[in-house]
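[1] This is the structure alone, sequence omitted:
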């Protein structure tokens, strides 16, 4: 499998390129509108055909590049079927793999950060690769204070779905804010400060409910924009327009 | 490829099991004498045949399990040819891969922690896996103050050999003392405090020479014992005998 880990620095988002070397079919998990041109250049350099984009959830901190990539390449937009977005081409369900050439990508229903969040699991023959979105982050986890967030649900998603994967499973998160790129299930079990030492559900919920995190600066336009798969909504503040403005000019 | 990351808690050493699923041929990189029984159980559980053990270098903090595993399974002892150990069955050179079934393991000459240290590189079809021994650790590197250690040589080994690998290369270190299991070349370039921000050679050498690390408690018997591929030497202090004592009784 061809694999690239791509970073968008404004929202510290990781996008993941997966491609089948036999067919050239390629998917990007959680593309960002700001880095669509970079992603297209990577695709050209590798000689790949973007067949689909895949969302882990409806993001609050950035606009997805899914719609822009579809307009430019014809890629299909994939995401959790439970989101019921009219703009999604293929709704994904746990237990039903998405095929990208010979690659099988398995959705895992992992609510908690949002009500319909999914992680994705790929077995490349050596490792299980877990694209953990904003459910499980390195030494952390996604916040649970909006979009149907639910700390108890997140605790169960992580323990029952993710910590049940093999110890060597590679954890590729949706974000990292400290320059970390990869972890493993063994590592998160051993040292994630929110989850280690068999921290009980009640303590996790109390911790998550005490975080008092700031309101995401892009949330007011990112959520409605992502509900349209990355359409730039009209209410983007001037200082945050960035890629939306460039798209209008192009 | 079948892959397991195994931990020995007394010296915080990682051993790595690599096996070819078609033939059942298996190697263990840097086995520890203390955990030979655990390793044998893992081999039995997976139905594998240990064909060889592979050393990254002559360790100062633990005794290798190579000789004990050879006596129990018939595995061949592999390690850097430059070590010129009479007990080594197969001397490894950079540029000459070792085959474990269909797996090709490529030695990389990476002096600095010791004068003859080697890392090993395996491409599993998705990732390059780098077994970095004590050259490159997660957010750190091996000490350079004995056994032909040389900070300038280590700097060049890391920059010229290891940082030349693809960003997504998985870094599997010889030790971790803080519960971390895996990193990537991109991650070590981005945040290793001894190496990031294009830290120049002179600053790295000054840092390494100022560390004032304690004398390794097992060094006086571990180094001569490992020069015999893990023979328990006669001068092991009573409080550190552990697996040597058990071997004498067994």
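    Happy to help now that I have it. Everything quoted here is computed from the prediction, not taken from an experiment.
[2] residues in chain A within reach of chain B, list them.
    A:1-5, A:124-127, A:129, A:167-168, A:170, A:178-184, A:186-187, A:190-191 (C-beta under 8 Å from any C-beta of the partner chain). Any C-beta I mention is one placed from the backbone N, CA and C, and that applies to glycine too.
[3] Summarise which helices and strands the longest helix along chain A is packed against.
    Identified as the longest helix of chain A according to DSSP state H is helix A:36-46. Using 3 or more C-beta pairs under 8 Å, 6 or more residues apart in numbering or on different chains; DSSP states H and E as the contact test, the elements touching helix A:36-46 are strand A:2-8, strand A:13-19, strand A:25-29, helix A:66-73.
[4] Swap in 7 Å and give it another go.
    Using 3 or more C-beta pairs under 7 Å, 6 or more residues apart in numbering or on different chains; DSSP states H and E, the elements in contact with helix A:36-46 are strand A:2-8, strand A:13-19, helix A:66-73.
[5] give the contact list for residue A:19.
    Contact analysis of residue A:19 by C-beta atoms under 7 Å, 6 or more residues apart in numbering or on different chains lists A:1, A:2, A:25, A:26, A:46, A:48.
[6] if we can go back for a sec, what's the distance between the longest helix of chain A and the middle of its chain?
    19 Å (C-alpha atoms, centre = their mean, to the nearest Å).
[7] if I pick residue A:48, what's in contact with it?
    Counting by C-beta under 7 Å, 6+ apart, the residues that residue A:48 touches are A:19, A:24, A:26.
[8] partner residues bridging the first one?
    On DSSP bridges, the residues paired with residue A:19 through beta bridges are residue A:2, residue A:26.
[9] Would you quantify the distance from it to chain B?
    Applying C-beta to the nearest C-beta, to the nearest Å, the value for residue A:19 to chain B is 10 Å.
[10] how close does that residue sit to residue A:103?
    Plainly put, residue A:19 is 8 Å away from residue A:103 if you go by C-beta to C-beta, to the nearest Å.
[11] which residues are in contact with both of the two?
    residue A:1.
[12] give me the low-pLDDT residue ranges for chain A?
    For chain A, the stretches flagged by pLDDT under 70 are A:245-250.
[13] Would you state the strands of it in chain order?
    Assigned by DSSP state E, chain A shows strands spanning A:2-8, A:13-19, A:25-29, A:49-54, A:76-80, A:90-92, A:98-100, A:103-109, A:118-123, A:128-133, A:136-137, A:140-141, A:170-173, A:183-184.
[14] and the ones you listed as TSV, adding distance to residue A:203?
    Below are those laid out as TSV (distance: least, C-beta to C-beta, whole Å):
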stretch	distance to residue A:203
strand A:2-8	32
strand A:13-19	28
strand A:25-29	31
strand A:49-54	33
strand A:76-80	29
strand A:90-92	32
strand A:98-100	36
strand A:103-109	24
strand A:118-123	23
strand A:128-133	21
strand A:136-137	17
strand A:140-141	14
strand A:170-173	22
strand A:183-184	22
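[15] Quick check: which of those is nearest to residue B:242?
    Nearest of the strands of chain A to residue B:242, taken as C-beta to C-beta: strand A:183-184 at 28.0 Å.
[16] residue contacts, the closest residue to residue A:57 other than its chain neighbours?
    Counting by C-beta to C-beta, 6 or more residues apart in numbering or on different chains, residue A:57 lies nearest to residue A:117, which is 4.2 Å off, once chain neighbours are set aside. Counting by C-beta under 7 Å, 6+ apart, residue A:117 touches A:56, A:57, A:110, A:111, A:133, A:134, A:135.
[17] Turn the residues you listed into TSV, including distance to residue A:218 and neighbour count.
    Output for these, formatted as TSV (distance: C-beta to C-beta, whole Å; neighbours: other C-beta atoms under 10 Å in any protein chain shown):
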residue	distance to residue A:218	neighbour count
A:56	17	27
A:57	15	26
A:110	23	31
A:111	22	22
A:133	17	27
A:134	14	28
A:135	20	28
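[18] from the residues you listed, which ones fall inside helices?
    Going by DSSP H, the helices hold none of these.
[19] and the gap between the residue nearest to residue A:57 and residue A:85?
    To residue A:85, residue A:117 is 14 Å away according to C-beta to C-beta.
[20] what do you get for residue A:240?
    22 Å.
[21] between the two, who's got more neighbours?
    residue A:85 (19 against 16; other C-beta atoms under 10 Å in any protein chain shown).
[22] For the more buried one, which residues are in contact?
    Contacts of residue A:85 (C-beta under 7 Å, 6+ apart): A:79, A:227, A:229.
[23] if we take the residues you listed, which one ends up nearest to residue A:210?
    Nearest to residue A:210 among the contacts of residue A:85, with distances taken as C-beta to C-beta, is residue A:227, at 29.4 Å.
[24] Tell me how many other residues crowd the closest one.
    Neighbour count for residue A:227, taken as other C-beta under 10 Å: 16.
[25] ditto for residue A:12
    For residue A:12, the count of nearby residues is 16 (other C-beta under 10 Å).
[26] Ramachandran angles for it?
    phi 50, psi 40 (degrees, to the nearest 10).
[27] separation between it and residue A:215?
    Noted for residue A:12: a distance of 17 Å to residue A:215, by C-beta to C-beta.
[28] Pipe the contacts of residue A:85 into a markdown table and attach distance to residue B:200 per row.
    Shown next, in a markdown table, are the contacts of residue A:85 (distance: C-beta to C-beta, whole Å):
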| residue | distance to residue B:200 |
| --- | --- |
| A:79 | 46 |
| A:227 | 49 |
| A:229 | 47 |
